[in-house]
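Trainee: Dropping the sequence and predicted coords here.
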There are 2 protein chains.
Amino acid sequence: MNEELETVFEEIKTLLAGKQYAALSQYVRELKPADIALLFEDISREDVTLLFRLLPKDTAADTFVELEPERQQQLIDAFSDTELKAVLDELYLDDTVDIIEEMPANVVRRIIRYSSPEMRKSINEILNFPANSAGSIMTIEFIDLNAKMTVDQAFEHIRTTGWDKETIYTCYVIGADRRLQGVVTVQQMLLCDRSLKIGDIMDKNVISCKTTDDKVDVAHMLDKYDFLALPVVDHEDRLVGIVTIDDAIDVLTEDATEDIEKMAAILPIEKTYLRTGIFETWKQRIPWLLLLMLSSTFTQKIINSAETALSACVALTAFIPMLMDTGGNAGGQVSVTVIRGLSLGEISFSDWLHVLWKEMRVSLLCGFTLAFANFIKLLTFDHVTLTVAAVVCITLLVAVIFAKIVGCLLPIAAKRVGFDPAVMASPFITTIVDSLTLLTYFQVARMLLHI
Amino acid sequence: MNEELETVFEEIKTLLAGKQYAALSQYVRELKPADIALLFEDISREDVTLLFRLLPKDTAADTFVELEPERQQQLIDAFSDTELKAVLDELYLDDTVDIIEEMPANVVRRIIRYSSPEMRKSINEILNFPANSAGSIMTIEFIDLNAKMTVDQAFEHIRTTGWDKETIYTCYVIGADRRLQGVVTVQQMLLCDRSLKIGDIMDKNVISCKTTDDKVDVAHMLDKYDFLALPVVDHEDRLVGIVTIDDAIDVLTEDATEDIEKMAAILPIEKTYLRTGIFETWKQRIPWLLLLMLSSTFTQKIINSAETALSACVALTAFIPMLMDTGGNAGGQVSVTVIRGLSLGEISFSDWLHVLWKEMRVSLLCGFTLAFANFIKLLTFDHVTLTVAAVVCITLLVAVIFAKIVGCLLPIAAKRVGFDPAVMASPFITTIVDSLTLLTYFQVARMLLHI
């Protein structure tokens, strides 16, 4: 938050303490909804209710959408039935659905009761779409035009129906069967002759998505084509809604966060960190920790079986952490790069050979650099014997090569068989690479040290 | 890529082979620029030049922008001077600058030579902004209005000047001194009375950024306020450009990728994985690998100093990997969560006590769960003595608590002192937690096993 905003918040708090409502109303009206929502996280429940009532109707609704669910629920509890209805009337369908998804059952019942019958039907339809589908994030408030309209008539249509639409800039041309015939932007309409027919200026090659398409794919499409909105059609190709760019950004941000969480062996949930309770956080983290811990049985067995070698040359134990960490880090680097590339569509399955060939060369470069640096350090700084240094450095080279190859192939293979590549990130690969590294280590030690 | 598109690409390739240019022209015109760019990555250099010449002028420019730098350079090399000038005339300033930044010097000279003098001046100005600033990603093609205009006059102004503007939907109202007085959207103008004055309907509380603001912060602002464009002002508060939503999305995606790379101990670069050469990839990865490898000297010293304990109870060695990995995974989980939260602005420095308190409780929950599960496994499955099991499980608990605390505090502390929190992710934390874990392990072992 910038300082200017912080100063304004302080002044508002002073006015609140002094109950100077006229000045307050003026102040708050100058803020954007996103900033009022920030302010509302920072003041008491009573003050939130009070300030909310001072807001103009549309600002109030826009602010409501930006609030954390806890605050939304508190406000709904404080609302009279008329106030609730007023806010609901101003909300877009997709926002109403988002709110409903976060509220407890009794609040949902109240919201549904005060929605119009038409709205209620639409809410139910959207709630029925699978959680990750385009249908679940679309809005039904869009502008539809007729191909026979002139541009002037289209503007008149926008003027009369545009008040409650989430975006008016991209308009969809549909026939009597509600099938999409074309798309036309307000930019095109503003720049051309007003007497032209919509059917003559519209783009007939419409890019659309299906209600059941994955919402992340749909968000990537908006990004790829630089669209402000993408039409959503049902399985009979009838236009049923649009996904707008602001929702696409949220989906992309959420998806990046999810990928990051999965890469760090966390089960993703939609809540932000500070809003997640400690038991929920525990549930996000413990499954992978347990699984990875128990899978350490392999490294444990490998070390046990090398007991003779280790007691013959105790110095070997001291390098186990270094070898394991370096292998883990090297594998993590490539798996994370490949996972992100897959996620952004920069890498696909058909590139696997290209990726493997690249990683083999990079791993040789990295492996030799590390082995060389370590060899010098072992001889000059740690004063180990030449043979022990050789054992450690050969293992290091092999570990880095293993790590890079496992790290690039596992995510691509996962993607191919329909698993989530993000799960194949560092912690998982570390466990595999650890075992391979230790096996190599003791094998090389036995050969060179004759133990 | 979806199947429909693949079929179209196959047909185009067949037409290319058969030299059926009339049909080709028709086919290619039906594709969106982003898809033509995909096709161009897939066909020969000669075919790219040929197809490019079949495109309508504006589609050609839009396609050119979407191409990989290699393809852009090949096309520029193939262009006649007239063709180059035609493409340059259609490009937006921010896209021209992006292209220039990727081209070798001789190509840049050619581009500059065929740009208009005015364009050349603007290109130089933008190139002079720091790489991560709002100035470096802004475009100067926006609509400016006068507060005294009526809505009708504003529409007329848009109609005559809107052809080469990146967005016409958000218009900026400026005075004679070019200072920003307000902002008005085409939506507002379309829905209100055409005889109203712009000064009366514009929003005077304009949110803007400075040319020197960080581009990531600016992208977050567009997201936060759901803007399609954000005005950029210079240090005298004069409007000099706008940042549009499509560029903001690119910045956010790049930023997430950079964070992910840093978390995996990779030095970020802007190129995609497949376009990065093996030496560049090596340079991205080797610094952290080397540093982290050399820092393993600590764990090595700790193990060496515990030689007596380890030779007295060889079984202890076998659990080192499990303890280290679990500590690393537990630390990685929290550091990654906190880093992402900081990056999205969901967590700030003032939350540090809140975060610490939460992590202490979560680490107790996780630690006890893991220690308990491991205790059972050690006694029933591995048949170790009760005391060894106790040593391992006590260390495990302590390691998880250490890991969670270090993992949450380091990124927040880094942010506070102005370092990049993303660097404080798993690999770095693993190295610290490894040392703490091993120290605890041997201390507990000495106490309980009396060695």
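Mentor: Looks like it came in fine.
Trainee: Please report the distance of the closest residue to A:D35 other than its chain neighbours from B:F372.
Mentor: Once flanking residues are discounted, A:D35 sits nearest to A:L5: 6.1 Å by C-beta to C-beta, 6 or more residues apart in numbering or on different chains. All C-beta atoms are positioned from the backbone trio N, CA, C, and that covers glycine. Here A:L5 is placed at a distance of 48 Å from B:F372 (C-beta to C-beta, to the nearest Å).
Trainee: So which elements touch the longest helix anywhere in chain A?
Mentor: Scanning chain A for the helix with the most residues, using DSSP state H, yields helix A:386-416. Here helix A:386-416 touches helix A:320-343, helix A:352-380, helix A:426-449, going by 3 or more C-beta pairs under 8 Å, 6 or more residues apart in numbering or on different chains; DSSP states H and E.
Trainee: Distance check, the closest residue to A:V398 other than its chain neighbours against B:P104.
Mentor: Nearest non-adjacent residue to A:V398, counting by C-beta to C-beta, 6+ apart: A:T440, 4.8 Å away. Distance of A:T440 to B:P104, given as C-beta to C-beta: 44 Å.
Trainee: So what's the gap between the helix or strand bottoming out on mean pLDDT in chain A and the chain middle?
Mentor: Across the helices and strands of chain A, mean pLDDT, DSSP states H and E gives its lowest value to helix A:307-312, namely a mean of 81. Distance, stretch centre to chain centre, for helix A:307-312: 49 Å (C-alpha atoms, centre = their mean, to the nearest Å).
Trainee: Now do the host helix or strand of A:I111: which elements does it pack against?
Mentor: Element membership of A:I111 [criterion: DSSP states H and E] is helix A:105-113. Judged by 3+ C-beta pairs under 8 Å, 6+ apart, the packing partners of helix A:105-113 are helix A:69-78, helix A:81-90, helix A:93-102.
Trainee: Mean confidence (pLDDT) on it, please.
Mentor: Helix A:105-113 carries an average pLDDT of 87.
Trainee: Return the set of buried residues in it.
Mentor: A:V107, A:V108, A:R110, A:I111 (16 or more other C-beta atoms under 10 Å in any protein chain shown).
Trainee: Need the phi and psi values for whichever residue of the stretch 151-300 of chain A sits closest to chain B.
Mentor: Here the stretch 151-300 of chain A gets closest to chain B at one residue, A:S296, 3.4 Å apart by C-beta to the nearest C-beta. The phi/psi pair for A:S296 (degrees, to the nearest 10) reads phi -70, psi -10.
Trainee: give the contact list for it.
Mentor: Shown in contact with A:S296 (C-beta atoms under 8 Å, 6 or more residues apart in numbering or on different chains): A:T431, A:D434, B:P321, B:M322, B:D325, B:T326.
Trainee: out of those residues, which one sits closest to B:A445?
Mentor: When the contacts of A:S296 are compared for distance to B:A445 (C-beta to C-beta), B:M322 comes out closest, at 14.7 Å.
Trainee: Okay, buried residues for stretch A:271-278 please.
Mentor: Buried, per 16+ other C-beta under 10 Å, within stretch A:271-278: A:Y273, A:T276, A:I278.
Trainee: Point out the ones among those that are inside helices.
Mentor: Mapping the buried residues of stretch A:271-278 onto helices (DSSP H) picks out A:I278.
Trainee: filter the buried residues of stretch A:271-278 down to the ones near chain B?
Mentor: The subset of those within reach of chain B, by C-beta under 8 Å from any C-beta of the partner chain, is A:Y273, A:I278.
Trainee: can you tell me which of the buried residues of stretch A:271-278 lies nearest to A:L356?
Mentor: Among these, and counting by C-beta to C-beta, the member closest to A:L356 is A:Y273, at 36.5 Å.
Trainee: Cross-check the contact I'm expecting between that closest one and B:V338.
Mentor: Yes. Between A:Y273 and B:V338 a contact is recorded at 7.1 Å, counting by C-beta atoms under 8 Å.
Trainee: overlap in contacts of these two?
Mentor: B:I347, B:V355.
Trainee: so where's chain A shaky on pLDDT?
Mentor: A:1, A:426 (pLDDT under 70).
Trainee: Outline the domain layout of it.
Mentor: Domain assignment for chain A by automatic domain parsing gives A:3-128, A:144-244, A:296-449.
Trainee: among those, which is the most enclosed?
Mentor: domain A:296-449 (a mean of 21; mean count of other C-beta atoms under 10 Å in any protein chain shown).
Trainee: end to end, how far does that one reach?
Mentor: 26 Å (C-alpha to C-alpha, to the nearest Å).
Trainee: can you check stretch A:31-48 too?
Mentor: 15 Å.
Trainee: check contacts around A:A256.
Mentor: A:A256 neighbours (C-beta under 8 Å, 6+ apart): A:S343, B:T253, B:A256, B:I260.
Trainee: so after the one helix or strand A:I286 maps to, what's the next helix or strand?
Mentor: Element membership of A:I286 [criterion: DSSP H and E] is helix A:278-295. As assigned by DSSP H and E, the chain's next helix or strand after helix A:278-295 is helix A:297-305.
Trainee: by contact count, what packs against that following helix?
Mentor: With 3+ C-beta pairs under 8 Å, 6+ apart as the test, helix A:297-305 has helix A:426-449, helix B:320-343 packed against it.
Trainee: what sits up against it?
Mentor: A:310, A:320, A:431, A:434-435, A:438-439, A:442, B:315, B:317-322, B:325, B:377, B:381-382.
Trainee: Check stretch A:213-226 too.
Mentor: A:132-134, A:136-137, A:207, A:209, A:227-230, A:232, A:243, A:245, A:247-249, A:251-252, A:255, A:344-345, B:32, B:34, B:246, B:249-250, B:253.
Trainee: quick one, strands of the stretch 101-250 of chain A?
Mentor: A:144-145, A:170-174, A:180-185, A:209-210, A:229-233, A:239-244 (DSSP state E, counting those that start in this stretch).
Trainee: Which residues are in contact with the closest residue to A:A445 other than its chain neighbours?
Mentor: In space, and not counting its chain neighbours, A:A445 is closest to A:V391: 5.0 Å by C-beta to C-beta, 6+ apart. Going by C-beta under 8 Å, 6+ apart, A:V391 touches A:L316, A:Y441, A:V444, A:A445, A:L448, A:L449.
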